[in-house]
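S.K.: Let me see the structure of the following:
(chains A, B and C)
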Amino acid sequence: MKFFMIEQVFSQNIENWYRNNKRDLPWRHHPEPYFVWLAEIVFQQTQIAQGLSYYKRLLKAFPTVNALANAQQDEVLKLWEGLGYYSRARNLHLTAQILNSRKQLPQTAAEWLKLPGVGPYTAAAITSVCFGERVACVDGNVLRVIARTHFITDDIRKSTTVKTIQALVNSLIEYADDPGDFNQGLMEIGATVCKPKAPQCNRCPLQYECAFYRSEALPSAVPFKSKPQKRKVRHLHFYYSSKAEDVFLFKRNDKDIWGGLYVLPFEESNGKDCPSSTINASLIKKNTHLLTHQQIHYYIWDMESWYHSPVELKHFSRFVKGRDLPALPRPLQQFFNESFAKM
DNA sequence: AACCCGGGGTC
DNA sequence: GACCCAGGGTT
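M.R.: Residues are numbered from 1 along each chain as shown, chains lettered A, B, ... in the order given. Coordinates of the predicted model:
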């Protein structure tokens, strides 16, 4: 008769389940650091279904660290256009240039952690999968799964709760056969079985180790997550000329939203009224764009010509309509698609 | 520790 | 409309 500690059962169940149930994802065929690093950056706060085509496009355009390092930032951002959280693309590019000057890529989480855009989660994911380092990945999935199995009811938005769970999984991974499989398995269970609203406990490999399953608790009760703050309301007035043959755009800085992307000249107002109410322009589009933390009411004003712009244009660049434009925020990307389609 | 940073999918 | 997502940086 052989006896196992609960931690051993836990990790073995995860790894065995993962080897039989893992999804077929591109970077899992050849888990090299560059492929895994790129994947981890693309899929930060991004579901697989949403980011997969972006990952493939980026890898095709930049098959190596060297290729990525030698690209222009605008090229990288253009391929990232629409995916959001654009600092990921800027830091990805910056880190590629740092790595490109070295002989080899880092092999420990501590070394990866020093690079821009690489935090505790990403560093652990890369080195556990590629080098078998025994460091736990704690993402949104892991927080939910562990909060349930161990019935942790603290607010998972609190950094103290994340630290508790990080320490807990770090102790569990000591018993793993393959730390990479353990980490990916735990996340995969969260993504495909232990879902937020309707967990499929009947097919979960941790069913008999799970305090949540044994309890009468509702899925919505564990994990507990405090309410997010309300969206900030903003009004943005963009200026455009449908008659002109060209477009004026400027590259935004890294502060505020859409850093590194290009936008039309615009002004912001506190209310709905256009700050330049005296200009001779007609409203051609009005809509609302929702971000996680902002509700953006945007207005696009059609001017007779760029000469009528209320915004100084000397720092803007001209682009020909219909030609390839640089990376744009979603609202402007949509607007140009609509308006150029009619031309 | 709190706040900022996107966009799409789901119920 | 509320909530979720293979998080990280800044203040």
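
S.K.: close to DNA strand C, is stretch A:286-293?
M.R.: Yes - residues of stretch A:286-293 are located near DNA strand C by CB under 7 Å from any atom of the strand, namely residue A:292. Any C-beta I mention is one placed from the backbone N, CA and C, and that applies to glycine too.

S.K.: Restricting to C-alpha, output that stretch in CSV.
M.R.: C-alpha atoms of stretch A:286-293 as CSV (Å, rounded to 0.1, in the frame of the first residue of the first chain):
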residue,chain,number,x,y,z
LYS,A,286,-21.2,60.2,-33.2
ASN,A,287,-20.8,57.1,-31.1
THR,A,288,-19.7,55.7,-27.8
HIS,A,289,-16.7,53.5,-27.3
LEU,A,290,-16.4,51.4,-24.2
LEU,A,291,-13.1,50.7,-22.5
THR,A,292,-12.8,48.8,-19.2
HIS,A,293,-12.3,52.0,-17.4
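
S.K.: what mean pLDDT would you report for that stretch?
M.R.: Averaged over stretch A:286-293, pLDDT sits at 96.

S.K.: can you tell me which residues contact the closest residue to DNA strand B within the stretch 51-200 of chain A?
M.R.: Here the residue of the stretch 51-200 of chain A nearest DNA strand B is residue A:84; by CB to the nearest atom of the strand that distance is 2.6 Å. Counting by CB atoms under 8 Å, 6 or more residues apart in numbering, residue A:84 touches A:45-46.

S.K.: which residues of the stretch 201-343 of chain A fall in strands?
M.R.: A:232-240, A:246-251, A:262-263, A:266-269, A:281-290, A:294-303, A:317-320 (DSSP state E, counting those that start in this stretch).

S.K.: what's the next secondary structure element after the helix or strand in which residue A:98 is found?
M.R.: Secondary structure assignment for residue A:98, by DSSP states H and E: helix A:87-100. Next along the chain after helix A:87-100, taking DSSP H and E as the criterion, comes helix A:109-112.

S.K.: Report whether that following helix contacts DNA strand C.
M.R.: No - using CB under 7 Å from any atom of the strand, helix A:109-112 stays clear of DNA strand C, with a minimum separation of 8.8 Å.

S.K.: and the following helix or strand past that helix, how far from the chain's centre?
M.R.: Using DSSP H and E, the helix or strand that follows helix A:109-112 towards the C-terminus is helix A:120-131. Here the centre of helix A:120-131 is set off from its chain's centre by 17 Å, with CA atoms, centre = their mean, to the nearest Å.

S.K.: residues contacting whatever residue of the stretch 201-343 of chain A ends up closest to DNA strand B?
M.R.: Proximity of the stretch 201-343 of chain A to DNA strand B (CB to the nearest atom of the strand) peaks at residue A:257, 2.8 Å away. By CB under 8 Å, 6+ apart, residue A:257 lies in contact with A:291, A:294, A:329.

S.K.: separation between it and residue A:335?
M.R.: 17 Å (CB to CB, to the nearest Å).

S.K.: And the helices in chain A, which stretches?
M.R.: For chain A, the helices defined by DSSP state H occupy A:6-21, A:33-42, A:48-61, A:65-69, A:73-80, A:87-100, A:109-112, A:120-131, A:140-149, A:159-172, A:179-192, A:211-214, A:330-341.

S.K.: Please produce a markdown table containing these, extended by mean neighbour count, distance to residue A:270 and mean pLDDT.
M.R.: Converted to a markdown table, those look like this (neighbours: other CB atoms under 10 Å; distance: least, CB to CB, whole Å; pLDDT from 0 to 100):
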| stretch | mean neighbour count | distance to residue A:270 | mean pLDDT |
| --- | --- | --- | --- |
| helix A:6-21 | 17 | 52 | 94 |
| helix A:33-42 | 22 | 36 | 98 |
| helix A:48-61 | 15 | 33 | 96 |
| helix A:65-69 | 17 | 41 | 98 |
| helix A:73-80 | 19 | 30 | 98 |
| helix A:87-100 | 18 | 27 | 98 |
| helix A:109-112 | 18 | 43 | 98 |
| helix A:120-131 | 23 | 38 | 98 |
| helix A:140-149 | 23 | 35 | 96 |
| helix A:159-172 | 16 | 34 | 95 |
| helix A:179-192 | 23 | 41 | 96 |
| helix A:211-214 | 17 | 46 | 94 |
| helix A:330-341 | 15 | 19 | 92 |
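
S.K.: any chance of those helices in CSV, with distance to residue A:247 too?
M.R.: Listed next are the helices of chain A as CSV, based on distance: least, CB to CB, whole Å:
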stretch, distance to residue A:247
helix A:6-21, 49
helix A:33-42, 29
helix A:48-61, 24
helix A:65-69, 28
helix A:73-80, 15
helix A:87-100, 22
helix A:109-112, 40
helix A:120-131, 36
helix A:140-149, 39
helix A:159-172, 44
helix A:179-192, 41
helix A:211-214, 54
helix A:330-341, 8
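
S.K.: which one of those helices lies closest to residue A:201?
M.R.: When those are compared by CB to CB, helix A:211-214 sits nearest residue A:201, at 5.1 Å.

S.K.: quick revisit: tell me the most buried of the strands of the stretch 201-343 of chain A?
M.R.: Of all the strands of the stretch 201-343 of chain A, strand A:262-263 has the most neighbours on average by mean count of other CB atoms under 10 Å, namely a mean of 22.
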